[in-house]
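Asker: okay, sequence plus prediction incoming.
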Amino acid sequence: MPRPTADLSRSLVALDQDRTLIGVIELSQASWLVAGVVPGIERHPLKKLEPDQDALLRLLHRWHDEAIKAGCTITRITVAFEAGRDGFWLARWLRTHGIEAYVIHPVSVPVSRENRRAKSDRLDTELLKRAFLGWLRGEPCHCSMAAIPTLEEEDAKRPSREREGLVGERTRIVNRMKGCLVRLGIRGFKPTLRKAPERLETLRTPEGDPLPPNTAAELRRDLARLRFVTEQIREIEAARIERLEREPDHGPHAMVLLLARIVGVGIETADMLVHEVLRRNLRDRRAVARYAGLTGSPDESGQKRREKGLAKAGNARVRRGMIQLAWRFLLFQKDSVLAKWYHARTGDERGGTRKSMIVALARKLLIALWRLATTGQVPEGVVLHPA
């Protein structure tokens, strides 16, 4: 099995189509549709399976035996499918069984721009076959493959993502409680305070009446749910600190601690950036900005020239986090070169220019943090906490 390469825009292994069995899979929750290109067989087989990896492996071996019976020698079996809800587990499993497995970026597969067109799993497998064959032939930018992470790399992202969901849930509970009280004319109640349950019992409406019984019971349940969510957030944060203190020199942990030394960058932001983008083997600064979705989307045709804004095709968590960090960076790193660059280009302009330029600052800041995490190059003028 050829060794996977860092360049995923095209295959660097020469394709011998007479010795290579090629398969593509259209995955869904109910079934898998597998299409193949089998040497020595004129027809292109198509088989629908139950979502079962063992059945898929048996099918590939059966096609392998059919090619051998047709007089062909198979030295390579390649399989590809689009990235989706199934993630990367199937690709990892196939690779452990000697099958070359790749995961295609769905947005890199060209489709017809007709308003009404036929759409079926069978036609989707034809599109995938054409895209995958072009990639195997080494045609640059024919389609792009996603880097397949290890199980440990995927698991390392879970604490940050879980905390993000819990923080959103905490905000929803607080807003729901405040909205419920506002309907009764009560303002100023803070559900996040430690004595919120005691204060809830003393609340009175503007007419001097206590809370209605059903409303009071609902708010008590919301407070109990809020305490539970808050405790889970603290548990995740404590476990992260414990991991960092136990193995400070471990690869990603060292990156997190290095980024956290920057004044204005906290442990949560550093952890998210490291596990979502900075530990990936990205080619250059353009790939870093493109992965975060912080690049533009020009619309140019003939004499028409306009910019449609952010492409938003990358990692949404990184994009949101970097734009928030860029505003925070201006507050804590006023003497840095990046902050001076931003202020020199915005000056006394109105908010529209400031908001547009903050995206450019976020892109530059992400590239600077990538260089710091990979090469140790500290951005000029940036203040660090003591080691």
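Answerer: Looks like it came in fine. Numbers count the residues shown, from 1 in each chain.
Asker: what's near enough to touch the closest residue to residue 241 other than its chain neighbours?
Answerer: Excluding its sequence neighbours, the residue lying closest to residue 241 (Cβ to Cβ, 6 or more residues apart in numbering) is residue 267, at 7.2 Å. For every residue, glycine as well, the C-beta is placed using N, CA and C. By Cβ atoms under 8 Å, 6 or more residues apart in numbering, the contact set of residue 267 is 237, 240-241, 244, 256, 260.
Asker: try 7 Å this time
Answerer: Contacts of residue 267 were listed using Cβ atoms under 7 Å, 6 or more residues apart in numbering, and they are 240, 256, 260.
Asker: cool, and residue 261?
Answerer: 384-385, 387.
Asker: just residue 93 next, same as before
Answerer: Taking Cβ under 7 Å, 6+ apart as the criterion, residue 93 is in contact with residue 53.
Asker: distance check, residue 42 against residue 217.
Answerer: Here the criterion is Cβ to Cβ, to the nearest Å. By it, residue 42 lies 71 Å from residue 217.
Asker: can you count the residues close to residue 30?
Answerer: For residue 30, the number of neighbouring residues by other Cβ atoms under 10 Å comes to 7.
Asker: err, residue 325, not the other one
Answerer: Here the neighbour count serves as a burial measure; for residue 325 (other Cβ under 10 Å) it reads 24.
Asker: residue 160: neighbouring residues, count only.
Answerer: Using other Cβ under 10 Å, residue 160 has 20 neighbouring residues.
Asker: list the contacts of it.
Answerer: Residue 160 makes contact with 271-272, 275, according to Cβ under 7 Å, 6+ apart.
Asker: any idea which element it lies in?
Answerer: Under the criterion DSSP states H and E, the helix or strand holding residue 160 is helix 151-182.
Asker: then residue 300?
Answerer: Here residue 300 sits within strand 296-301, counting by DSSP H and E.
Asker: give the other helices and strands that that strand contacts.
Answerer: strand 304-310 (3 or more Cβ pairs under 7 Å, 6 or more residues apart in numbering; DSSP states H and E).
Asker: any residues touching the helix or strand that the strand it packs on is followed by, and which ones?
Answerer: Remark: after strand 304-310, the chain's next helix or strand is helix 316-332, criterion DSSP H and E. Contacts with helix 316-332, where a contact means Cβ under 7 Å, 6+ apart, come from 263-265, 269, 272-273, 276-277, 292-294, 339, 342, 358-359, 361-362, 365-366.
Asker: mind giving me the PyMOL select for the residues you listed, buried ones only?
Answerer: Command for PyMOL that selects the buried part of the contacts of helix 316-332, burial taken from 16 or more other Cβ atoms under 10 Å:
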select buried, resi 265+269+272+273+276+277+292+293+294+339+342+358+359+361+362+365+366
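Asker: just to revisit the earlier point, please flag which of the contacts of residue 160 sit within helices.
Answerer: Residues of those located in helices (DSSP state H): 271-272.
Asker: residue 378 should be in a strand, yeah?
Answerer: No - when DSSP: H, G, I helix; E, B strand; the rest coil is applied, residue 378 is found to be coil, with no strand at that position.
Asker: that one reaches residue 372, doesn't it?
Answerer: Yes - Residue 378 is in contact with residue 372 according to Cβ atoms under 7 Å; the separation is 6.0 Å.
Asker: between those two, which one's more packed in?
Answerer: Neighbours were tallied for residue 378 and for residue 372 using other Cβ under 10 Å; the higher tally belongs to residue 372 (20 against 15).
Asker: any regions of this structure where pLDDT drops low?
Answerer: 1-7, 348-352 (pLDDT under 70).
Asker: tell me the phi and psi of the residue nearest to residue 241?
Answerer: For residue 267, the backbone dihedrals are phi -60, psi -40 (criterion: degrees, to the nearest 10).
Asker: make 46 the first number, not 1, from now on.
Answerer: Sure, I'll start numbering at 46, so the last one becomes residue 312.
Asker: mind checking how far it is from residue 372?
Answerer: For residue 312, the distance to residue 372 (Cβ to Cβ) stands at 19 Å.
Asker: domain ranges for the protein?
Answerer: Partitioning the chain according to automatic domain parsing yields domains covering residues 65-193, 200-291, 298-420.
Asker: could you dump those domains into a markdown table with distance to residue 53 added?
Answerer: Listed next are the domains of the chain as a markdown table, based on distance: least, Cβ to Cβ, whole Å:
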| stretch | distance to residue 53 |
| --- | --- |
| domain 65-193 | 4 |
| domain 200-291 | 19 |
| domain 298-420 | 9 |
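Asker: against residue 180, how distant is the closest residue to residue 62 other than its chain neighbours?
Answerer: Spatially, and ignoring its direct neighbours in sequence, residue 62 is nearest to residue 84 (6.8 Å; Cβ to Cβ, 6+ apart). Here the distance between residue 84 and residue 180 works out to 18 Å (Cβ to Cβ).
Asker: same deal with residue 410?
Answerer: Counting by Cβ to Cβ, the gap from residue 410 to residue 180 is 33 Å.
Asker: and the residue nearest to residue 115 when sequence neighbours are not counted, its phi and psi?
Answerer: Nearest residue to residue 115 in three dimensions, chain neighbours excluded: residue 85, at 2.9 Å (Cβ to Cβ, 6+ apart). Per-residue torsions, residue 85: phi 90, psi -10 (degrees, to the nearest 10).
Asker: the chain: strands as residue ranges?
Answerer: 65-72, 77-82, 91-94, 121-127, 145-149, 190-191, 341-346, 349-355 (DSSP state E).
Asker: number of nearby residues for the closest residue to residue 196 other than its chain neighbours?
Answerer: Using Cβ to Cβ, 6+ apart and skipping the chain neighbours, the partner closest in space to residue 196 is residue 137 (7.0 Å). Residues near residue 137, counting by other Cβ under 10 Å, number 15.
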